[in-house]
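K.L.:
fold the following.
(2 chains)
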Amino acid sequence: MLKLKDKSNIKEQRGSNTNLLHNTKKLRNTKNTRITKKTRNTKKLRNTKRLRKQKLGSGLYIAPSLLGVLVFFIFPFIVIIYYSMVDNPINGEFVFLDNFIKVSANGAFQTAVYNTVTFSLVAVPLAVVLSLMLAIMLESRMPFRSQFRTFFLSPMMVPVASVVLIWRVLFHFNGAVNDLLISLGGPKIDWLKSGYSHIVIVLLFLWKNLGYNMILFMAALASIPKDILEVARLESATPLQTFFYIKVRYLSSTVLFVTIMSLINSFKVFREIYLLSGDYPYDTLYMLQHFMNNTFRSLDYQKLSAAAIMMSIVMIIIIGILFLVESHFGKDVEG
Amino acid sequence: MSKKDTSRSAPPRKGSRAGFHKKGRKAWSKFKIILATGVAAIFAILFLMPIILTITNSFMAASEISANYGSVFETTESGGKVYISEKVNLKFIPDMVSFSQYITVLFKSPEYLLKFWNSVILVGPIVLFQLIVATLASYGFARYRGRIREIIFFMYIILMLMPYQVTLVPNYLVSDWLNILDTNWAIWLPGIFSPFAVFLLTKFMRRIPTSVIEAAQIDGAGEWQIYRQICMPLCRGAICSAAILVFIDYWNMVEQPLILLTDVEMHPLSVFLSRINKGEIGLAFAVATIYMVPSLLVFLYGEEYLVDGITYQGGIKG
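P.N.:
Next up, the predicted model:
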């Protein structure tokens, strides 16, 4: 509201020196006379009215989306909160945290949480660091930069299902990677059915996600003001110093974003695992999504909702912490 | 390495040594570029290999595939006739280029084409309608920033950050209530209202200068006209970016059909592809390649939009 009042003031001011703007003179003049005619009170009223109309008008544009979000996400989520606290939907007896305790005590859930957490702890930092390295590498003056960017980005565009065949050929017990290992005198490893399966999935995850992260970092690096880098160079700062004292600071919001996106994508790694090894993978690859799928099959609403709520709370906490860390680090840089 | 880096950027100090430094510096920076290019090339090969292998292998005849990869996929159909080696022979170039896989997929076994069609039917409407809903909503969010709208927008962001493990439970519940489980609607509706495109487009639209919109308003344009004739043309690029990102996400979907569509016949190819390991491995590469084609085409024509889209998403001014 305040803003709009200011605007009309500005208009009046502009109207007073009309000698510059010939085209819109007419329009301005009529407006000015209208404004001066009315008392301050009615002007205010008209403004609020118009503003309200404007707010309502543009608010209507949100309506379809908001309605859909409410119906398909928010409202059922509230119901889920209710489900997670009753013994069953029909009976509706309030049991408070019993379902949460039951789910946390569930062996399959524990394995799933453990596997997902260890996977994310390994894959997310790797994805952030490696993609930053790729971005810095592509920043240097080397030939074929745009081609390299295209190449690094291409895995993102390819459906996992399409390349899963090749990954199987590579990492099968009789597969190509083992052939290579044997010819180098190494042992034969059952990549997909042993503890090593984690490595395969991390590789697949990195393959898929590095390009995306790299683009984010490249954009962020390009947006660092050139004059600051120039000053650093003139002050004979080493590249490492420039990197740690300048670039990292400017990159901190991007690092946060990349970390969050990688974290979310690390939860999606179920796709790769499912396509590689089906519903019941090797034990260390049993992820939270597998647990959810199997719970969906038995349609245990209490278990499902308790698990979903726990996960959402954990996600919110993690993202909140990341935001706090970022605001601590990057507070003295703008942009 | 860091030591040498230091010598590189330190300014030359005294007379005769300065020349030496300059020379060394040049050689070193040249070496560094070569090194970086080499590393990038290795990465590029690793990144591209699975894609290229899939495509080239789709031009092998079924017998060649089972001869090469028989030990991996345990084909039984070829029986004793074809020699199956113990090891796999990973080949970039087929011994004999043959289109037999494609011919079989396209003309003889329609089930794959059907699954492909399932994918198209599932993804197309989601991309189209999510964008329609999202352009409207993002206009609303960008046009005015009140407290209520900020809260709603924050809710959208939180929702966007939730993994499928969380969002699929509410989706399932609603689909169950509306009796649309096992129909395409169960995938379409949550997809259409997914907040991702709203987020992306709002970020972009907020960068349209308010003076442009005010000018239109002074000229007497209504909300719809501002939306239609000013914001939409300005956002064309951002809409393309959003379309590409939404398309990739859903073309690749696995979780949603697995849970929301129990009827295997309705599954998209992205899920179905993992099931052709037995018996029909000869076709698999052709099917995989066919499934890749739309997304590769989108990539080919829209790489810039894709890059821009990712950049808007990160909120970095590109």
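K.L.:
quick check: the closest residue to chain A within chain B vs B:Phe43, distance?
P.N.:
Going by Cβ to the nearest Cβ, chain A is nearest to B:Phe193 of chain B, at 2.9 Å. From N, CA and C alone the C-beta is placed, and that goes for glycine too. For B:Phe193, the distance to B:Phe43 equals 38 Å [Cβ to Cβ, to the nearest Å].
K.L.:
where does the residue of chain B closest to chain A fall, phi/psi-wise?
P.N.:
Per-residue torsions, B:Phe193: phi -100, psi 10 (degrees, to the nearest 10).
K.L.:
and for A:Phe173?
P.N.:
According to degrees, to the nearest 10, A:Phe173 has phi -60, psi -40.
K.L.:
once you drop chain neighbours, what's closest to it?
P.N.:
Nearest non-adjacent residue to A:Phe173, counting by Cβ to Cβ, 6 or more residues apart in numbering or on different chains: A:Asp190, 4.8 Å away.
K.L.:
what segments of the stretch 151-300 of chain B are helices?
P.N.:
In the stretch 151-300 of chain B, the helices defined using DSSP state H, counting those that start in this stretch lie at B:164-177, B:185-192, B:196-205, B:210-218, B:223-225, B:232-234, B:236-251, B:255-260, B:269-272, B:281-314.
K.L.:
for those, which one sits closest to B:Ile132?
P.N.:
For the helices of the stretch 151-300 of chain B, proximity to B:Ile132 was assessed by Cβ to Cβ; helix B:185-192 is nearest, at 8.5 Å.
K.L.:
tell me how many other residues surround residue 131.
P.N.:
You didn't pick a chain, so chain A it is. Look at A:Ser131: counted by other Cβ atoms under 10 Å in any protein chain shown, it has 24 neighbours.
K.L.:
wait, chain B was what I had in mind.
P.N.:
Neighbour number of B:Leu131 under other Cβ under 10 Å is 19.
K.L.:
make JSON lines from the helices of the stretch 151-300 of chain B and add distance to A:Phe267, mean neighbour count and mean pLDDT to it.
P.N.:
Conversion of the helices of the stretch 151-300 of chain B to JSON lines gives the following (distance: least, Cβ to Cβ, whole Å; neighbours: other Cβ atoms under 10 Å in any protein chain shown; pLDDT from 0 to 100):
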{"stretch": "helix B:164-177", "distance to A:Phe267": "6", "mean neighbour count": "22", "mean pLDDT": "90"}
{"stretch": "helix B:185-192", "distance to A:Phe267": "17", "mean neighbour count": "22", "mean pLDDT": "93"}
{"stretch": "helix B:196-205", "distance to A:Phe267": "15", "mean neighbour count": "24", "mean pLDDT": "90"}
{"stretch": "helix B:210-218", "distance to A:Phe267": "38", "mean neighbour count": "14", "mean pLDDT": "87"}
{"stretch": "helix B:223-225", "distance to A:Phe267": "39", "mean neighbour count": "15", "mean pLDDT": "87"}
{"stretch": "helix B:232-234", "distance to A:Phe267": "34", "mean neighbour count": "12", "mean pLDDT": "91"}
{"stretch": "helix B:236-251", "distance to A:Phe267": "14", "mean neighbour count": "21", "mean pLDDT": "92"}
{"stretch": "helix B:255-260", "distance to A:Phe267": "10", "mean neighbour count": "22", "mean pLDDT": "89"}
{"stretch": "helix B:269-272", "distance to A:Phe267": "18", "mean neighbour count": "24", "mean pLDDT": "86"}
{"stretch": "helix B:281-314", "distance to A:Phe267": "17", "mean neighbour count": "21", "mean pLDDT": "88"}
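K.L.:
tabulate those (JSON lines), appending distance to B:Thr104.
P.N.:
What follows is the helices of the stretch 151-300 of chain B, written out as JSON lines (distance: least, Cβ to Cβ, whole Å):
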{"stretch": "helix B:164-177", "distance to B:Thr104": "34"}
{"stretch": "helix B:185-192", "distance to B:Thr104": "29"}
{"stretch": "helix B:196-205", "distance to B:Thr104": "38"}
{"stretch": "helix B:210-218", "distance to B:Thr104": "56"}
{"stretch": "helix B:223-225", "distance to B:Thr104": "52"}
{"stretch": "helix B:232-234", "distance to B:Thr104": "45"}
{"stretch": "helix B:236-251", "distance to B:Thr104": "23"}
{"stretch": "helix B:255-260", "distance to B:Thr104": "25"}
{"stretch": "helix B:269-272", "distance to B:Thr104": "16"}
{"stretch": "helix B:281-314", "distance to B:Thr104": "6"}
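K.L.:
so B:Pro94 belongs to a helix, correct?
P.N.:
No - if the criterion is DSSP: H, G, I helix; E, B strand; the rest coil, then B:Pro94 is coil and not within a helix.
K.L.:
number of residues surrounding it?
P.N.:
Neighbour count for B:Pro94, taken as other Cβ under 10 Å: 16.
K.L.:
show me the residues around it that make contact.
P.N.:
B:Thr56, B:Asn57, B:Phe59, B:Met60, B:Ala61, B:Glu64 (Cβ atoms under 8 Å, 6 or more residues apart in numbering or on different chains).
K.L.:
what do you get if the cut-off is 6 Å, keeping everything else the same?
P.N.:
Counting by Cβ atoms under 6 Å, 6 or more residues apart in numbering or on different chains, B:Pro94 touches B:Phe59, B:Met60.
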